[in-house]
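K.L.:
Pasting a predicted model and its sequence here:
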Amino acid sequence: MKGNDMEANLTPNSNRTIASVMRPFGFDLTGPCAPPVTFDDHIERRLSALRGQFSDQEAYARLLVSDPLIYEVYEMRRPEVAGELLHGISIVHPGMVGEEFYMTKGHFHSVRATAEIYYCLRGHGTLLMENEAGDWAAETLSPGRVLYVSPGWAHRSINTGDAEDLVTFFVYPGHAGHDYATIEEHGFRKLVLASGRGFEIVDNPRWLAAGEER
Ligand code: F6R
Ligand code: ZN
C-alpha cells in the first residue's frame, strides 16, 4: 500500500485513515448521543426494506407511503476474515406497524457456526432468536444487559419501548457473513405484539417451515 493510500479515509463516511485502523484503537460509546463518535459505515433501513415481515399488511401498506426510518447501523469496518471482529452500534427507533413493534430484518449468519454478542446501551427491547432445529428464544434487552447469540441462531432486535431508541453494541466474527434470504422467505416463527402496556409473544401465522413454499 502506498503512503498516500494509507492516509486516505477508509470510506466516505469514515473519519479514520487506513493507516490508523491497522493499529489497535479504541472509541467511546458513552454520552448523550447514540451514534459513536467514530464509525466507517452508516446503514439506514426504512420500512420498505422489511417488505413481507410485518404481519399486519394493511398497516404496512398505509405506512409505506411515508416509508419511515426503522433502524440504523453504524459499523466499524474490519476485514471480513476469521480472526477479525466486526462491531458497531444498532439503533432501532420506537414505533409500531399495526400491533407489531419496529424491528430489524433479522438474519442467520451465513457461516452458521458463528456466534454474536449484543450489549444494550439504551432503551428496552427483545432479541428474538430461532434455530433450524425448531427451537426459539426471546431475551430482554435493557441497559447494561449482555446477550450471547449462540452459533446457528437467527436473531432480530425489536424495540418494545414506546418512545426511546433501542441502542445496542454488537460484535461477531469477521467471516460470519449474513443470510437474510432465509428469514425474508420464511419469517420468524414468533411475533412480538403490543399487549396492554407491554408485549406478548405469539405464533407467526405466516411462518413457513423449512421446505414449505408460499
Ligand atoms: C450483525 C448483527 C447486527 C445487525 C443489526 C441490523 O451480524 O447481528 O449488527 O446487523 O442489528 O440488523 P439486520 O442485519 O438484521 O438488518
Ligand atoms: Zn448477526
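P.N.:
Thanks, I have it. Ligands and ions are numbered 1, 2, ... in the order given.
K.L.:
alpha carbons only for contacts and neighbour counts from here, please
P.N.:
Will do.
K.L.:
Next one: residue 159 from ligand 1, what distance?
P.N.:
11 Å (Cα to the nearest ligand atom, to the nearest Å).
K.L.:
can you pull the pLDDT of the nearest residue to that residue once chain neighbours are set aside?
P.N.:
The spatial neighbour of residue 159 that comes closest, neighbours along the chain excluded (Cα to Cα, 6 or more residues apart in numbering), is residue 125 at 4.4 Å. We have a pLDDT of 98 for residue 125.
K.L.:
what separates stretch 28-42 from the chain centre, distance-wise?
P.N.:
Relative to its parent chain, stretch 28-42 has a centroid offset of 16 Å by Cα atoms, centre = their mean, to the nearest Å.
K.L.:
buried set for it?
P.N.:
Neighbour counts over stretch 28-42 (16 or more other Cα atoms under 10 Å) mark 29, 34-36, 38-42 as buried.
K.L.:
quick one: contacts for residue 102?
P.N.:
Shown in contact with residue 102 (Cα atoms under 8 Å, 6 or more residues apart in numbering): 70, 92-96, 158-160.
K.L.:
Mind checking which of these land in strands?
P.N.:
70, 92, 96, 158-159 (DSSP state E).
K.L.:
which of the residues you listed has the most neighbours?
P.N.:
residue 159 (30 neighbours; other Cα atoms under 10 Å).
K.L.:
circling back to that earlier point, may I see the buried residues of stretch 28-42 arranged in JSON lines, with secondary structure, pLDDT and distance to residue 79 as well?
P.N.:
Listed next are the buried residues of stretch 28-42 as JSON lines, based on DSSP: H, G, I helix; E, B strand; the rest coil; pLDDT from 0 to 100; distance: Cα to Cα, whole Å:
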{"residue": "29", "secondary structure": "coil", "pLDDT": "81", "distance to residue 79": "22"}
{"residue": "34", "secondary structure": "coil", "pLDDT": "65", "distance to residue 79": "25"}
{"residue": "35", "secondary structure": "coil", "pLDDT": "72", "distance to residue 79": "22"}
{"residue": "36", "secondary structure": "coil", "pLDDT": "74", "distance to residue 79": "20"}
{"residue": "38", "secondary structure": "coil", "pLDDT": "77", "distance to residue 79": "17"}
{"residue": "39", "secondary structure": "coil", "pLDDT": "83", "distance to residue 79": "15"}
{"residue": "40", "secondary structure": "coil", "pLDDT": "85", "distance to residue 79": "12"}
{"residue": "41", "secondary structure": "strand", "pLDDT": "90", "distance to residue 79": "13"}
{"residue": "42", "secondary structure": "strand", "pLDDT": "93", "distance to residue 79": "17"}
